[in-house]
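Need a 3D model of the sequence below.
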Amino acid sequence: MFFDVLIAALLLIGGAFALIGSWGFAKLHDFYKRIHGPTKASTLGVGCLLVASALFFGTQAGEPDLRPALIAIFLFITAPVSAHLLVKSVLAARKSDRPAPPAAGAPNQD
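As a prediction, the model looks like this:
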């Protein structure tokens with residue numbers, strides 16, 4: 001009973017985060033704001049769905065299922081890298097979006 005409630009909660013939470021991420025991708029107007037929806041919220045949502053899948057199939061078979069864990073590891077490694085590469089490519093294409101370089105005599109602000 002406990003695992004059923006936990007799996008249902010993870011499915012609802014994961015679905016909600018995936019929906020929020022998709023909604024942010026569709027509704028936000030700027031590329032830099034729009035990139036956060038799929039990379040942050042949707043990644044967390046799919047992660048919750050994968051944990052629920054691992055728990056469900058692990059309780060059904062009596063042994064842990066490693067396939068959802070492998071998918072989650074691949075997802076959590078590739079999503080930030082792909083978002084970083086997308087932002088770098090847009091900054092290279094849109095030179096006007098780049099911040100101004102610091103002045104030569106300006107103090108270093110750490």
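
got the contact list for the residue nearest in space to the middle of the chain?
When Cα atoms, centre = their mean is applied to the chain, the residue found nearest the centroid is Thr43 (2.8 Å). Each residue near Thr43 by Cβ atoms under 8 Å, 6 or more residues apart in numbering is listed here: Gly21, Leu75, Phe76, Ala79. Any C-beta I mention is one placed from the backbone N, CA and C, and that applies to glycine too.

from the residues you listed, which two are the most distant?
Taking Cβ to Cβ, the two most distant members of those are Gly21 and Phe76; they sit 14.4 Å apart.

ok, these two, which is more surrounded?
Gly21 (21 against 14; other Cβ atoms under 10 Å).

Look up how far Val46 lies from the more buried one.
Per Cβ to Cβ, to the nearest Å, Gly21 is found 9 Å from Val46.

Phe74 too?
11 Å.

who touches both of these two?
Counting by Cβ under 8 Å, 6+ apart, nothing touches both Phe74 and Val46.

on that earlier part again, filter the contacts of Thr43 down to just the ones in helices.
Gly21, Leu75, Phe76, Ala79 (DSSP state H).

that older thread, okay, Phe74 and Val46: which has more neighbours?
Legend: neighbour count by other Cβ under 10 Å for Phe74 and Val46, higher for Val46 (20 against 10).
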